[in-house]
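# please find the sequence and the predicted model below.
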Amino acid sequence: MAELLRADPQNLSNDMSYPGWYSPETGIYHSKHSPVALPTEPFIDAVSYIFSHKHDGITALIDSSSGVSIPYSRLYSSVKAIASGLHQMGVEQGDVVLISLPNSIIFPIIFLGVLSLGAVVAPMNPLSNPLEIKKQTRDCKVKFAFTTPEKVDQVSKALNLPAIPVSENTIAGSIFHKIISSDPNLAPKPNINQEDTAAIMFSSGTTGACKCVVLTHRNFISMVALFVRFESSQYSFTPSKNVFLAVLPMFHIFGLAQFVTGLLSLGTTIVVMKKFNPDEMVKAIAKYGVTHFPVVPPLMSALTRKAKSEDVKNGNLLRSLKQVSSGAAPITSKLIQEFVQVLPHVDFIQGYGMTETAAVATRGYNTKEVKNYTSVGLLAPNSEAKVVELHSGTAVPPGGIGELWLRSPSVMKGYLNNIEETMSTVDKEGWLHTGDIVSFDQEGYLYVIDRLKEVIKYKGYQISPADLEAVLMAHPEVFDAAVTAVADEEAGEMPVAIVVRKKGTELSEESLMNFVATKVSPYKKIRKVCFTNSIPRSAAGKINRRELKKILPSRL
């Protein structure tokens, strides 16, 4: 991965005259942006904060295919109707509600309705199979669940409780119709503290195995203020005139920050795609006059390819686009160059964030004079960072390379029921150890160089090698197995299995990949299998992942 986002050495000066935003005494990098005022009163919730902002937005959410929309004039009452309906069904403050749904104009309303009730949202990938649902929610004590009609039986079985089918074409008399048609005036008004838990997010964290990230209302307020609202304030665009295309999954922290929470505080119009399709993407951009498109690298690659096609160029179908922002996964310099060449009128920026930081960390910002496409940007307001040399543990100045540590109001409360992992990730001084290898240049721009954490990023989705290794080891003909990543231009990274067969067996690559495919979500599937005689391990038996990668070039 190092070659994907390596900082330009010319930008990493060893000049010992340190800039004002870096303290050589403490080793702390401070944001170059002025601080943003956050609410100080203890009893304020994320939903109240979102709807406290005045704007002149008209249309909040539009379904890209049907054109069905929800106006801002009905948005808050719809949120309170959900809260009222759930309350009548017995959901109380502190209860956990699972949302396993694809993108839809209903998703944000359900999410915010749960939050306004003081309950806790647990958004999950709708592609998760019953085993994954059961494993990930084991400690969550889910009381209520929303899912698609097709997944109701699977989710109910996995959680051992009734699941509510959600459809935009609600049938009168159905349970969901009853919930969403409830009287918003009957919604309870709980006292919600900023430090109360708002959501449990499922993340591979900084070490690989899936964890439950606990985010508070304070974290969400910080996310809205320091990420989405602040970024909007940096440009001359009028927020209520902006039109965002929502393809990123809303259950993921990147999509959640933008389409479910932050943009709704600005009056921005959000065009929602249920399922990505390159042709439909272009149609939606042209039809609705999309101005902003947050992406992960595979989406950006698809957009670049479509922009090169004759029909798109001749019709000038992407003329409304003003900005494309990429995050969640590394992006190649080659793709950046192609994009900038084919869409020179579109501002391109990158950003960096984690589930554990509620998506807040850095965002790019280009001016007419300075365009920095390869950096992931400047530190967000109210944020601090350290770059810590791996072997010595010493904080290094601009130009130095080390692990990124972050501290801000957005840093998670911790991992659910996992004190040991929480303490190893967030230290006593509040620094979150990201597991990413980075460097700041003399202008304060951050470059991601490599990562320590054992996470594979496939099309922006996080995949835990440990999870796939457990599945592989369950095969009766596998003696030993390890999973690592190989770079892929389309996907970013692909999971590859290195496998030692049991003696006397003739296990094939195809049969093993099919076996894994039946046990995991589609995006987690093994894409290649390399058979070998042994797996490199430490004396303690832990897989040596750096040595593991050395096996691959001659075999792929």
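Thanks, I have it. Numbers count the residues shown, from 1 in each chain.
# what about stretch 321-336, how long is it end to end?
Taking CA to CA, to the nearest Å, stretch 321-336 runs 16 Å from one end to the other.
# what is the mean pLDDT for that stretch?
In this model, stretch 321-336 has an average pLDDT of 86.
# what about that stretch, distance to the chain center?
Averaging C-alpha positions (CA atoms, centre = their mean, to the nearest Å) puts stretch 321-336 15 Å from its chain's average.
# so for it, what gets flagged as buried?
Neighbour-count burial for stretch 321-336 flags 321-332, 335-336 (criterion: 16 or more other CB atoms under 10 Å). C-beta coordinates here come from the backbone N, C-alpha and C atoms, glycine included.
# not counting its neighbours along the chain, what's nearest residue 279?
In space, and not counting its chain neighbours, residue 279 is closest to residue 306: 7.8 Å by CB to CB, 6 or more residues apart in numbering.
# distance check, residue 168 against residue 102.
Using CB to CB, to the nearest Å, one gets 11 Å for the distance from residue 168 to residue 102.
# so between those two, which is more surrounded?
More crowded of residue 168 and residue 102, by other CB atoms under 10 Å: residue 102, with 19 against 11.
# per-residue pLDDT of the more buried one, please?
Per-residue confidence (pLDDT) for residue 102: 95.
# element containing it?
Using DSSP states H and E, residue 102 falls within no helix or strand.
# going along the chain, name the helices of the stretch 1-150 of the chain.
In the stretch 1-150 of the chain, the helices defined using DSSP state H, counting those that start in this stretch lie at 46-50, 72-88, 107-116, 130-136.
# ok, back up a step: wait, which of the buried residues of stretch 321-336 is closest to residue 26?
Nearest to residue 26 among the buried residues of stretch 321-336, counting by CB to CB, is residue 327 at 28.4 Å.
# tell me if I'm right that the closest one and residue 353 touch.
Yes. Using CB atoms under 8 Å, residue 327 is in contact with residue 353, at 6.6 Å.
# where does this structure dip in pLDDT?
1-17, 171-173, 204-209, 452-453, 538-542, 553-556 (pLDDT under 70).
# how about the strands in the stretch 1-150 of the chain?
22-23, 28-30, 59-63, 69-71, 96-100, 120-123, 142-147 (DSSP state E, counting those that start in this stretch).
# and those strands as CSV, adding mean neighbour count?
Converted to CSV, the strands of the stretch 1-150 of the chain look like this (neighbours: other CB atoms under 10 Å):
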stretch, mean neighbour count
strand 22-23, 16
strand 28-30, 20
strand 59-63, 21
strand 69-71, 16
strand 96-100, 24
strand 120-123, 25
strand 142-147, 23
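# so for residue 202, which of the ones you listed sits nearest?
Of all the strands of the stretch 1-150 of the chain, the one in closest proximity to residue 202, counting by CB to CB, is strand 120-123 (7.6 Å).
# can you tell me which residues contact the closest residue in space to residue 23 that isn't next to it in sequence?
Nearest non-adjacent residue to residue 23, counting by CB to CB, 6+ apart: residue 30, 7.4 Å away. Residues in contact with residue 30 (CB atoms under 8 Å, 6 or more residues apart in numbering) are 21-23, 379, 384.
# quick check, nearest of the residues you listed to residue 397?
When the contacts of residue 30 are compared against residue 397 (criterion: CB to CB), the nearest one is residue 22, at 6.2 Å.
# which residues does the closest one form a beta bridge with?
For residue 22, the beta-bridge partners under DSSP bridges are residue 29.
# I'd like to know how far it sits from residue 374.
From residue 22 across to residue 374, the span is 21 Å (CB to CB).
# same question, residue 547
Residue 547 sits 29 Å away from residue 374, going by CB to CB.
# between the two, which one's more packed in?
A direct count of neighbours by other CB under 10 Å for residue 547 and residue 374 places residue 374 higher, at 19 against 13.
# host element of that one?
Applying DSSP H and E, one finds residue 374 in no helix or strand.
# is it true that it touches residue 447?
Yes. At 7.0 Å, residue 374 and residue 447 qualify as touching, with contact defined as CB under 8 Å.
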